[in-house]
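Student: pasted the sequence and its predicted model underneath.
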Amino acid sequence: MLTGFVKVNQGGWLKTVERLKGKNVLVTGASSGIGQAIAVRFAQEGANVVINYRNDRDMAQATLEKVRNARTSDGKQFLIQADVASEVEVKAMFAEALHTFSSIEVLVNNAGIQKPAHTHEIEMEDFDRILNVNLRGAFLCSREAVRHFLARGGPGNIVNNSSVHEIIPKPKYLPYSISKGGMENMTKSMALEYAGRGIRVNAVGPGAVVTPINNTWINDPKARTEVESHIPLGRAADASEIAAVFAFLASNDASYITGQTIFACGGLTLYPEFRVAWASGE
Ligand code: NAD
């Protein structure tokens, strides 16, 4: 890794601008996948990062090492274990983060889970767990963050990890799809509610990204080709390409943006089946 540069997925190096220098950031579910890439990217841009993880201590430790190796300045990083679905644990996490950093400027609600099942076969336990992690968890963390932003009277910034399934239905993944639809509304409602108090709330809507949540197809060449055949840009994203959008929304470069979801999806939201005209005669 070249200090002061980030590797751009489609080739080459980009000089890091420390847009997040001195900002204290909490990233949930950051021990793997997109959350880990966000923690790395934010450290590269000069942020101090709280890396939340659920229970995978070894992966969290490995993430901490990666983040420390990636940082370009003297930013600080530390781990906090917490289940974002638990009010008690979320409150304890914020108390610990604020004890160490004394303020938090940016919250990234990244933690998320999914489980396939036909809708008529979904177990209530799975339905509740997915909604509890993906939506209740994002709400609990956002509520603590906003309480803190208001108490310190300064600006605040929340960036949610949503999905293209915020707007594209996902049969066989109903609780996941509902959770991301709910996240869109939460993003917009909170953005409107707190716009006058210096708090911005936005979301990123990734398409298909190479992370552990997609292990069923990323390591199977045939399945991966099938998945990628539906993506207009022709490939799944690297997690770093999604993290770059989080860094933008968390930075002052996005100072006039609130209540929006930026879809980083290789064109998946463009109705790919309409690449060829199939219904108008010509
Ligand atoms: P991932 O499985 O690597 O990441 C999910 C993370 O959330 C894991 O680190 C996991 O430990 C953590 N987590 C789960 N339950 C938790 C809890 N109760 N408390 C705290 N942390 C918890 O997969 P990913 O793709 O990096 O997913 C991250 C986010 O990106 C999710 O919200 C997912 O919905 C979203 N997303 C992913 C894709 C994709 O294609 N990978 C596409 C769209 C959206």
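Tutor: Nice, thanks for sending it over. Numbers count the residues shown, from 1 in each chain.
Student: which strands border the lengthiest strand in the chain, and is each parallel or antiparallel?
Tutor: In the chain, taking DSSP state E as the definition, the longest strand is strand 199-206. If you go by DSSP bridges, strand 199-206 pairs up with strand 156-161 (parallel), strand 261-264 (parallel).
Student: which of these sits most buried?
Tutor: Most buried of these by mean neighbour count (mean count of other CB atoms under 10 Å) is strand 156-161; its value is a mean of 26. Heads up, the C-betas are built off the backbone N, CA and C, glycines and all.
Student: quick one, helices of this protein?
Tutor: Secondary structure of the chain (DSSP state H): helices at 33-44, 57-70, 87-101, 124-131, 137-152, 174-194, 215-218, 221-228, 239-250.
Student: quick one, the fifth one and strand 199-206 angle?
Tutor: By that I understand helix 137-152. Inter-element angle recorded for helix 137-152 and strand 199-206: 150 degrees (by axes from the mean of the first three to the mean of the last three CA atoms, to 10 degrees).
Student: Met124: neighbouring residues, count only.
Tutor: Neighbourhood size, Met124 [other CB atoms under 10 Å]: 7.
Student: list the contacts of it.
Tutor: Counting by CB atoms under 8 Å, 6 or more residues apart in numbering, Met124 touches no other residue.
Student: again, but for Leu131
Tutor: Leu131 neighbours (CB under 8 Å, 6+ apart): 175, 178-179, 182.
Student: and those residues as CSV, adding pLDDT?
Tutor: CSV is the format used below for the contacts of Leu131 (pLDDT from 0 to 100):
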residue, pLDDT
Pro175, 98
Ile178, 98
Ser179, 98
Gly182, 98
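Student: dump these to JSON lines, plus neighbour count and distance to the ligand.
Tutor: Putting these into JSON lines (neighbours: other CB atoms under 10 Å; distance: CB to the nearest ligand atom, whole Å) gives the following:
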{"residue": "Pro175", "neighbour count": "24", "distance to the ligand": "11"}
{"residue": "Ile178", "neighbour count": "17", "distance to the ligand": "12"}
{"residue": "Ser179", "neighbour count": "27", "distance to the ligand": "8"}
{"residue": "Gly182", "neighbour count": "18", "distance to the ligand": "12"}
